[in-house]
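>>> A structural model of the following input is requested.
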Amino acid sequence: MTRVTGLTLAATLLLGAAALIPAHALAGDGDAERGAKAFGVCAACHSLRPGLDMTGPSLAGIWGRKAGSLAGFDRYSPALKASGVTWDAKTLDPWLKAPEQFIPGNWMTFQGIPEAETRADLIAFLKEASAGQMPGAAAEGGGMGGGMMGGMAPHFTDLKKVRPDRQVRSIRSCRESYFVTTADGNTRAFWDHSLRFETDASAFGPTSGTPAMLPAGMMGDRATVIFAGPEEISAFIKHKC
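Presented below is the predicted three-dimensional model:
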């Protein structure tokens, strides 16, 4: 009869528990393909395109970048800029788990990802994306926020190069209506609650004086007119019934 000591039993239990843990979790590595899909959670506020900042800064080249240091992004919290953090696997994991706990007082409203496996996958994807690789869904345009929330997703278009039917030539307002005329000569009418006005001062924004109109809404009854700067909005809209 084989005698099982307490030490042998403990070792057996530990080996058995280890067998239940995915190999990538033991190695500290995630799956970048799954991470590409998980990035959909981030895509509403962050792009992976260099120079395309949204609510949050572009995550292109994030690996090895000091927190709060991306040139041209002005909406960092003082707490993030003063954190001294450099983004890598060791810092991204606690940040993605609970941003407010990792860097108290930061302005990111995201509550965090409690699942360790999902965080590992997302970190693996961000590492590859920073190296110029875009695995899985992200390489095909998935996980980038396209089509989210019925037309409320951010655009990834160079607004200087939109088609004539999206180049705005004039906007007329009359009571609860807006009438938008585009470069193709057509005019569309919108209920004033269905037309949004935004600005885009990035390199992908419209040419000054030539706002762009992008469709929005599940029924195609809404749109967003994007100007180069806020000073253009009131000057561009003419009030006439």
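
>>> Please count neighbours and contacts with C-alpha atoms only from this point.
OK.

>>> so for stretch 30-37, what's the average pLDDT?
Here the mean pLDDT over stretch 30-37 is 94, rounded to a whole number.

>>> Revised request: answer the last question for stretch 85-95.
Taken as a whole, stretch 85-95 carries a mean pLDDT of 97.

>>> D93 belongs to a strand?
No - D93 sits outside any strand when classified using DSSP: H, G, I helix; E, B strand; the rest coil, being helix.

>>> show me the contacts for it.
Contact partners of D93, counting by Cα atoms under 8 Å, 6 or more residues apart in numbering, are 119-120, 123.

>>> Can you convert the residues you listed into CSV and add a column each for pLDDT, distance to A98 and neighbour count?
Putting the contacts of D93 into CSV (pLDDT from 0 to 100; distance: Cα to Cα, whole Å; neighbours: other Cα atoms under 10 Å) gives the following:
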residue, pLDDT, distance to A98, neighbour count
R119, 97, 11, 25
A120, 97, 14, 24
I123, 97, 14, 27
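
>>> Give me the subset of these that lies in helices.
When DSSP state H is applied, the contacts of D93 are split such that 119-120, 123 fall in helices.

>>> For R188, grab the count of nearby residues.
11 (other Cα atoms under 10 Å).

>>> Pretty sure it sits against T181.
Yes - with contact taken as Cα atoms under 8 Å, R188 and T181 are classed as touching, separated by 6.5 Å.

>>> Next, show the common contact partners of these two.
With contacts defined as Cα under 8 Å, 6+ apart, no residue is adjacent to both R188 and T181.

>>> All good on my end, thank you.
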